[in-house]
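Novice: What follows is a predicted structure for the sequence shown.
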Amino acid sequence: MNKISHAVIPAEKEAAPIVDSEGFIYFRADRKMIKVTYSEVVYIESMKDYIRIVRVNDKPLLVKQSLSSLEDVLPVNLFLRIHRLLYFAIHKITAFTTA
């Protein structure tokens, strides 16, 4: 007889994004899962209980999630936290100044 084990996934207050190693991430917004590639993201902004994902050729995406929970799944070689409320895509930065 084969023994089958079942994994129990705890319920969370906010939906965690689904991350794929191929360069995209899924977010739950507008009652559906939306695929966002890393290359189309310009920046991600925190807005209290929500994050706003600004994309190159699409309208911004509003997702009920905290920026700190997203921080754990964003690739550090592609995104840079420039403020406590902002993550920018490194490949979209063309110039900067130091103060």
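Specialist: Yep, it's here. Numbering: from 1, shown residues only.
Novice: What is the neighbour count of the residue lying closest to residue 64 once chain neighbours are set aside?
Specialist: Excluding the flanking residues, the one nearest residue 64 by CB to CB, 6 or more residues apart in numbering is residue 50, at 5.5 Å. For glycine as for every other residue, the C-beta is placed from the backbone atoms N, C-alpha and C. Close neighbours of residue 50, defined as other CB atoms under 10 Å, add up to 15.
Novice: where does residue 50 fall, phi/psi-wise?
Specialist: phi -120, psi 160 (degrees, to the nearest 10).
Novice: One more: residue 40?
Specialist: For residue 40, the backbone dihedrals (degrees, to the nearest 10) come out as phi -90, psi -10.
Novice: Let me see the contact set for residue 32.
Specialist: Residues near residue 32 by CB atoms under 8 Å, 6 or more residues apart in numbering: none.
Novice: partner residues bridging it?
Specialist: Beta-bridge partners for residue 32, by DSSP bridges, are residue 29.
Novice: mind checking how far it is from residue 75?
Specialist: The gap separating residue 32 from residue 75 is 24 Å, by CB to CB, to the nearest Å.
Novice: related to what we said a few turns ago, wait, isn't the residue nearest to residue 64 in contact with residue 61?
Specialist: No - using CB atoms under 8 Å, residue 50 is not in contact with residue 61, being 10.1 Å away.
Novice: follow-up on the earlier one: tell me the pLDDT of the residue nearest to residue 64.
Specialist: pLDDT for residue 50: 94.
Novice: Distance check, it against residue 94.
Specialist: In terms of CB to CB, residue 50 sits 28 Å off from residue 94.
Novice: Check residue 49 too.
Specialist: For residue 49, the distance to residue 94 - CB to CB - is 32 Å.
Novice: So the two - more neighbours on which side?
Specialist: A count of neighbours by other CB under 10 Å puts residue 49 above the other of residue 49 and residue 94, at 10 against 5.
Novice: Could I get the phi/psi values of that one?
Specialist: Torsion angles at residue 49 (phi, psi; degrees, to the nearest 10) stand at phi -90, psi 0.
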